[in-house]
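Q: I would like the atomic coordinates for the input below:
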Amino acid sequence: MKSFMIQGARILATGSAVPNSRLNNNQVSQIVQTSDEWIFSRTGIKERRLLTGDNQSIVDLAALASTKALNSTLLQASDIDLIILATSSPNDLFGSASQVQAKIGAKNAVAFDLTAACSGFVLGLVTAYQFLCSGSYRNILVIGADVLSKWTDWSDRSTCILFGDGAGAVIIQSCSKKENSILGFQLNTDGSYANHLSISYQQEVNAHPILNLYQGSFKYISMNGKEVYKFAVSQVPLSILKCLKSLNISVNDIDWLLLHQANERILNVVAEKLSISSTKIIANLNKYGNTSAASIPLALDEAIKENKISDNDIIVISGFGAGLTWGTVVLKWSSILLK
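A: Down below sits the predicted model:
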């Protein structure tokens, strides 16, 4: 647990964007041998969104989510000091944050990508928090966006039923200690299990014999579902409890549990292990599937738009996934939207 309280930070606004193209379970069953009942009973997913079209990219989704967040405030894009794009599926291997910066007109913002797969948004939020607490920046745009449909093997039933595309964004602003809404965080990594969930690079044999180079390309998503499940339901509750303990907050004080939207079974088991009522779980994976780094900000934005979250609600956010990485952020919500 780390918490630097030179000054505080608060979420000022949220926004999200998903592609128009829907792929439901019945349509998936025409691609691989499965059924709506089989998929839904094991994952809780009914449909997912896919980014289609030659001229569409993750930059379009990220920019749209960011613009929606900006439009709910009195800020201009030029007021943003820093853009953090959490993604594992950039439009450019060198990074896509700078393209988002240009697309939304945030001419004064530094921009960089952060790669941590399904934990990316949590790590992006914590990274932004550090910049704000130190006084380095005032307004930071954190985006979680992924288009894993581009990296999915659509003949692999174990993975193609899970993933969808989407983007979510939050604007985080520095504030006084008294107004601080990001109460604390707890982060972990265990790279010894990295092979359980990956998009690996595969070398071509002797691609350039004269230069002795072995060039290659990235392959599709590979996942050991059983091991990832065991990891999530064992480590995520421990992370949450450790973070709560450091803040002297009881599980009973939690108003909302917002986990990475990977699988409905995981959400329910984690809540059960923490003795948290299922009515406190924020979930929308039935509509979108696993959108990786986008899942938490997308679900947060929808919950806010639906007026589920009230002032002073305690929200426990936890991301987990490839790396393997996992982490928790505890928020005290404040409805301070400027417009």
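Q: give me the element the spatially closest residue to residue 291 that is not a sequence neighbour is part of.
A: Among residues not flanking residue 291 along the chain, residue 166 sits closest, at 4.0 Å (C-beta to C-beta, 6 or more residues apart in numbering). From N, CA and C alone the C-beta is placed, and that goes for glycine too. Per DSSP states H and E, residue 166 falls inside strand 165-175.
Q: and that strand, how far from the chain's centre?
A: Relative to its chain's centre, strand 165-175 lies at 10 Å (C-alpha atoms, centre = their mean, to the nearest Å).
Q: same question, stretch 305-323
A: 11 Å.
Q: how about low-confidence regions in this protein?
A: 1-6, 205-208, 336-339 (pLDDT under 70).
Q: where along it do the helices fall?
A: For the chain, applying DSSP state H gives helices covering 25-28, 36-43, 58-71, 97-104, 120-133, 157-160, 225-246, 264-273, 285-288, 295-305.
Q: need those helices in TSV with mean neighbour count, can you?
A: Below are the helices of the chain laid out as TSV (neighbours: other C-beta atoms under 10 Å):
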stretch	mean neighbour count
helix 25-28	16
helix 36-43	16
helix 58-71	24
helix 97-104	22
helix 120-133	24
helix 157-160	18
helix 225-246	18
helix 264-273	18
helix 285-288	22
helix 295-305	24
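Q: could you dump the ones you listed to a markdown table with distance to residue 194?
A: Shown next, in a markdown table, are the helices of the chain (distance: least, C-beta to C-beta, whole Å):
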| stretch | distance to residue 194 |
| --- | --- |
| helix 25-28 | 28 |
| helix 36-43 | 23 |
| helix 58-71 | 23 |
| helix 97-104 | 24 |
| helix 120-133 | 15 |
| helix 157-160 | 17 |
| helix 225-246 | 11 |
| helix 264-273 | 19 |
| helix 285-288 | 24 |
| helix 295-305 | 20 |
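Q: out of the ones you listed, nearest to residue 148?
A: The closest of those to residue 148 is helix 157-160. By C-beta to C-beta, the value is 8.9 Å.
Q: And the helices of the chain: which comes nearest residue 172?
A: Judging the helices of the chain by C-beta to C-beta, what sits closest to residue 172 is helix 120-133, at 5.0 Å.
Q: Please compute how far that closest one lies from its chain's middle.
A: With C-alpha atoms, centre = their mean, you get 12 Å for helix 120-133.
Q: Equivalent analysis for stretch 244-251, please.
A: The answer for stretch 244-251 is 24 Å, by C-alpha atoms, centre = their mean.
Q: That'll do, ta.
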